[in-house]
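>>> Using only what follows, build the 3D model:
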Amino acid sequence: MSRNNLFRTGKRLGVPYYGEFWDLLIAWIVLGLAFANLLGGLNSISILIALFTAGIGFLVHEIAHKLVASRFGLQAFFKADISFLVFAFVLSFIGFIFAAPGAVYTKGSRTSKQQMYISLSGPLSNLGLATFFLFIPGLVGAYGQYINAWLALFNMIPFAGLDGEEIYRENKVVFAAVVLLAIYLSFIA
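Sure, this is the predicted structure:
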């Protein structure tokens, strides 16, 4: 694939792609820096570990939304929200992150159950990653486990624009199960 094709629409690894490269890259870097600052300060070790662990968590979360939406025949693309990225970075200096780096926007019709599955795919991917990172020793494992559990828990807040809103509306038992698992994984490290 040529460098120019990376920025055009089409398919990448069988997934419809709408030129989201820069939005994903900017969101990944700013979110990684915010988590590095929060968890260990803006030093090279914390930055590298947070870019890796938060980066994987962020990318897998958003790609999960995109894949599930695409599976239901929807057009889905990620768009970064620069104001929320700046807000997340600034808040990291006072010991908190409001991580809403952007969203996967979808186009097309779907049922409320399909929307629940689309919304659920992001937090579930983070819970899977949090579990995976439990088995990796050292700071990488600790950061990865904590960041991904936290991302899942944060996204389950049942407010407009977050995944939890759709899940809570459609199935309160699934909502509660995911929240309880995210809380558990947030505090076992």
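
>>> Would you map the helices across the protein?
Ranges of helices in the chain, per DSSP state H, are 21-39, 44-71, 82-91, 112-133, 138-155, 163-170, 172-187.

>>> Spit out the contact partners of residue 96.
Counting by C-beta atoms under 8 Å, 6 or more residues apart in numbering, residue 96 makes contact with residue 38. Where you see a C-beta, it was placed from the backbone N, CA and C, and this is true even at glycine.

>>> can you give me phi and psi for it?
Per-residue torsions, residue 96: phi -150, psi 150 (degrees, to the nearest 10).

>>> Tell me how far it lies from residue 42.
Remark: distance between residue 96 and residue 42 (C-beta to C-beta, to the nearest Å) = 16 Å.

>>> Check residue 19 and give its pLDDT.
Looking at residue 19, its pLDDT is 75.

>>> So what's the gap between stretch 81-89 and the chain middle?
14 Å (C-alpha atoms, centre = their mean, to the nearest Å).

>>> who's in contact with it?
Here stretch 81-89 makes contact (C-beta under 8 Å, 6+ apart) with 26-27, 30-31, 33-34, 37, 97-103.

>>> Narrow the residues you listed to just the buried residues.
27, 30-31, 33-34, 37, 97, 99-103 (16 or more other C-beta atoms under 10 Å).
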